[in-house]
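Visitor: Sequence plus predicted model, see below.
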Amino acid sequence: MAPLVIWQQSPFGWLFSMLVFVVHLAVVARAIVRPDRTPTSRIAWVAVIMTLPLVGIVAYLFIGETSIGRDRVKKLRAVNERMRRPDEHPDNGLDVPERAVELFDLGRTINRFEPRSGNRIRVMGDPDAPADKPMINSDVAIDALVADIEAAREHVHLSFYIWLDDHNGGKVADAVCAAARRGVQCRVMVDDLGSHAFIHSPRWKQLQDAGVHVHATLNDIPRLGHLAIGRVDLRNHRKIVVIDNAIAYCGSQNCADPQFRVAPKYAPWIDIWLRCEGPLVRQEQYIFLASWIAVTGESSLEGLPTAQPAPQTFEGGAIAQMFGTGPTTLDDAMSDMFVATIFAARDDLVITTPYFVPDAALLRAICAAPRRGVRTTIVFPERNNSPLVGASCRSTYPSLLEAGVQVYEYPLGLLHTKTMTLDGEIALVGSANMDRRSLQLNFENNMVVVDRDVVAQVRARQDSYLAVSHRVDPEAVAAWPLRYRLVQNAVGMLGPLL
């Protein structure tokens, strides 16, 4: 008799089999009843767990939950309830289209921030940089940040998903250290996974020795022994800079060289960064401090977003609204903002995103735009540093092209810019990708801008990508071989799990 059969017939084998059976059913039940999950995600998880019981159970333990720990959630929510919003009273008489009013109304439900006028917003970089040399813009943006840190008088607050100890990362670290030594209060928050090498490099100790307050976020997500439980890839993906309550940066830029030495095969990383002055700055300050206070307990900072004097305003400045999403905000808030922005387009819509694994609502909104008469263009990187995401993205090409969306692929590096412009009037820019992690899991920060000059700057950057990109031919996609479509669609089916 085979050893496996003998084991199964023994009392211990029978008990073990029953235990596995009970655990299997329990995990299936958990996947079904887990709150804040879409029906598509439930179906996908149940299918994986039932088809591959042991693999499915292990996969669910590692990436099936979105818990960041009950204590952390309580602290974050408590801080958000205690802190005064930087703009508790609406800015009356804003001259914006009705569709922008509706966008701002939706954005208000996320963080209770009001749209504010009088902001001076500028897309950083060299507007004359050649289309085939886009990495110049990242270097110029970092140089501008260093100059602002060198001029700081009160505080410097930085939050990055990835900070590398390379040329640009070192320049920023040196500037922050110098600011701290001259008495400026400097606080640095990085993601424990994305900036893991930086945290364990001499630069981290250099910051500490200079008197910089540092913190690595999400370094203590729920664990079973030494194993992380829940989404091991649940991250603080925000890119935030606030200086003296007067200057803020928002966009896709990490603190690193565009050559991005941790993934040089896909370099350069192509990013966008907006430098902001005006009332909007205090909204980003609030987003930073709400997280910082919750993890450090530095409650004396709670009044900083509303600190006097009143924020500077600029005549004829942009109208804008910041918002930050994550596991403690409203479900699908980022997806809702993307969808609402797409439906606000009337004539022209341009989207750039590196990671495209849309939920059903987002994909339907994009496909519906051309059918409403909106000229719709979307730009992806030609090569993706995540093969699974790249395959899942291409599985949507037939639907996009059939609906009339113009799909382009950018060949000169990893197009990491996350932008949306519509009708020359509205732009949505920030850290969030169009994948499940950004839509439902990660901590992200984006901004809505209503201003023709700012939107023209963002659109000019989008046009520089389009100038060197290749348009995807619908006939070529229709001729993809069966094995190609099989792999892509199989990966695409896993989208709700990614």
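Guide: Looks like it came in fine. Computed from a predicted model, the values in this text were never measured in an experiment.
Visitor: and residue 175, what does it touch?
Guide: By Cβ atoms under 8 Å, 6 or more residues apart in numbering, the residues touching residue 175 are 145-146, 149-150. For the C-beta atoms, the positions are set from N, CA and C on the backbone; glycine is no exception.
Visitor: That one: which element?
Guide: Here residue 175 sits within helix 167-181, counting by DSSP states H and E.
Visitor: C-terminal to that helix, which secondary structure element comes first?
Guide: Moving toward the C-terminus from helix 167-181, the next helix or strand (DSSP H and E) is strand 185-191.
Visitor: average pLDDT for that following strand?
Guide: Averaged across strand 185-191, pLDDT comes to 97.
Visitor: Which elements pack onto it?
Guide: Contacts defined by 3 or more Cβ pairs under 8 Å, 6 or more residues apart in numbering; DSSP states H and E place strand 185-191 against strand 155-160, helix 167-181, strand 213-217, helix 280-296.
Visitor: Pipe these into CSV and attach distance to residue 455 and mean pLDDT per row.
Guide: Converted to CSV, the helices and strands packed on strand 185-191 look like this (distance: least, Cβ to Cβ, whole Å; pLDDT from 0 to 100):
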stretch, distance to residue 455, mean pLDDT
strand 155-160, 26, 98
helix 167-181, 27, 98
strand 213-217, 32, 96
helix 280-296, 15, 96
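Visitor: how about the ones you listed in TSV, adding distance to residue 98?
Guide: TSV is the format used below for the helices and strands packed on strand 185-191 (distance: least, Cβ to Cβ, whole Å):
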stretch	distance to residue 98
strand 155-160	34
helix 167-181	41
strand 213-217	39
helix 280-296	22
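Visitor: Can you check which of the ones you listed gets nearest to residue 467?
Guide: Nearest of the helices and strands packed on strand 185-191 to residue 467, taken as Cβ to Cβ: helix 167-181 at 25.1 Å.
Visitor: Which positions in the closest one come out as buried?
Guide: For helix 167-181, the neighbour count (16 or more other Cβ atoms under 10 Å) marks 168-180 as buried.
Visitor: Check stretch 387-402 too.
Guide: 389-398, 400-401.
Visitor: Format the CA atom coordinates belonging to that stretch as PDB.
Guide: Written as PDB, here are the backbone C-alpha positions of stretch 387-402 (Å, rounded to 0.1, in the frame of the first residue of the first chain):
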ATOM      1  CA  PRO A 387       5.300  41.600 -16.900                       C
ATOM      2  CA  LEU A 388       2.000  40.600 -15.300                       C
ATOM      3  CA  VAL A 389       0.700  44.200 -15.300                       C
ATOM      4  CA  GLY A 390       2.000  44.600 -18.900                       C
ATOM      5  CA  ALA A 391       0.200  41.500 -20.000                       C
ATOM      6  CA  SER A 392      -3.000  42.500 -18.200                       C
ATOM      7  CA  CYS A 393      -2.800  46.000 -19.700                       C
ATOM      8  CA  ARG A 394      -2.600  44.500 -23.300                       C
ATOM      9  CA  SER A 395      -5.500  42.300 -22.600                       C
ATOM     10  CA  THR A 396      -7.700  45.500 -22.600                       C
ATOM     11  CA  TYR A 397      -6.400  46.600 -26.100                       C
ATOM     12  CA  PRO A 398      -9.100  44.900 -28.100                       C
ATOM     13  CA  SER A 399     -11.900  46.500 -26.000                       C
ATOM     14  CA  LEU A 400     -10.200  50.000 -26.100                       C
ATOM     15  CA  LEU A 401      -9.500  49.900 -29.800                       C
ATOM     16  CA  GLU A 402     -13.000  48.600 -30.700                       C
END
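Visitor: How far does that stretch sit from its chain's centre?
Guide: Once both centres are worked out by Cα atoms, centre = their mean, to the nearest Å, stretch 387-402 turns out to sit 20 Å from its chain's centre.
Visitor: Return the backbone torsion pair for the residue nearest the centre of the chain.
Guide: The centroid of the chain falls nearest to residue 432 when counting by Cα atoms, centre = their mean (2.7 Å). Main-chain dihedrals, residue 432, degrees, to the nearest 10: phi -80, psi 130.
Visitor: Would you check that it makes contact with residue 440?
Guide: No: the pair residue 432 / residue 440 is not scored as a contact, 10.6 Å apart, by Cβ atoms under 8 Å.
Visitor: what residues do the two have in common as contacts?
Guide: The contact lists of residue 432 and residue 440 share residue 334, where a contact means Cβ under 8 Å, 6+ apart.
Visitor: Could you list the low-pLDDT ranges of the stretch 51-200 of the chain?
Guide: Scanning the stretch 51-200 of the chain with the threshold set as pLDDT under 70 gives 66-67, 88.
Visitor: how about the helices in it?
Guide: Counting by DSSP state H, counting those that start in this stretch, the stretch 51-200 of the chain has helices at residues 53-63, 70-82, 98-111, 135-150, 167-181, 196-199.
Visitor: Residue 332: which of these is closest?
Guide: The nearest among the helices of the stretch 51-200 of the chain, by Cβ to Cβ, is helix 98-111 at 10.8 Å.
Visitor: Run through who's touching that closest one.
Guide: So helix 98-111 is contacted by 85, 94, 96, 113-115, 283, 286-287, 319, 321-325, 329-330, 333, 336-337, 340-341, 344, 346, 425-426, 448, 450 (Cβ under 8 Å, 6+ apart).
Visitor: Tell me how the chain divides into domains.
Guide: Split into domains by automatic domain parsing, the chain comes to 3-63, 70-95+117-317, 333-497.
Visitor: a markdown table please, covering those and showing distance to residue 106.
Guide: Listed next are the domains of the chain as a markdown table, based on distance: least, Cβ to Cβ, whole Å:
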| stretch | distance to residue 106 |
| --- | --- |
| domain 3-63 | 19 |
| domain 70-95+117-317 | 15 |
| domain 333-497 | 5 |
